[in-house]
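[1] got a structure for you, letters missing:
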């Protein structure tokens, strides 16, 4: 019904940059919040950054000043620009979207959570 497809992960040296992209497709009326989460081995999944349809953002303290989230509403796409990467940023990064499938869901504030398949980011020291 809805797919989130991520791209842009990879291997980079400490201090380098990567840009992640995530595009939602399928039965979508509107997307409220889109965000990026990450999960390192042996750790819980954590929120990295999130952005509303109006452009309001929130970023985890651990990446503030280094990572920037942005969004293209016309393309149902969210981006995560990651600069000054550190080895501790190594994780699988997941895209999340809160999606309303109908106008009724939208006006009643009902949304469904969808996740991407994850993309590996590895930062070498």
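    Nice, I can see it. These numbers were taken from a predicted model, which means no experiment stands behind them.
[2] okay but residue 117 is in contact with residue 9, surely?
    No: at 10.8 Å, residue 117 does not count as touching residue 9 under the criterion of C-beta atoms under 8 Å. Using the backbone N, CA and C atoms, a C-beta is placed for each residue, glycine as well.
[3] Looking at the two now, which is surrounded by more residues?
    Neighbours were counted for residue 117 and for residue 9 using other C-beta atoms under 10 Å; residue 9 has more, 18 against 11.
[4] Now the more buried one: closest residue in space, sequence neighbours ignored.
    Distance criterion C-beta to C-beta, 6 or more residues apart in numbering; nearest residue to residue 9, sequence neighbours excluded, is residue 119 at 3.4 Å.
[5] pretty sure the one you found is touching residue 7, no?
    Yes: counting by C-beta under 8 Å, residue 119 touches residue 7, with 6.7 Å between them.
[6] out of these two, which sits in the busier spot?
    Taking other C-beta under 10 Å, residue 119 and residue 7 do not tie; residue 119 has more neighbours (23 against 13).
[7] gap between that one and residue 37?
    Going from residue 119 to residue 37 by C-beta to C-beta, to the nearest Å gives 12 Å.
[8] Need the overlap of contacts for the two.
    With contacts defined as C-beta atoms under 8 Å, 6 or more residues apart in numbering, the residues shared by residue 119 and residue 37 are residue 93.
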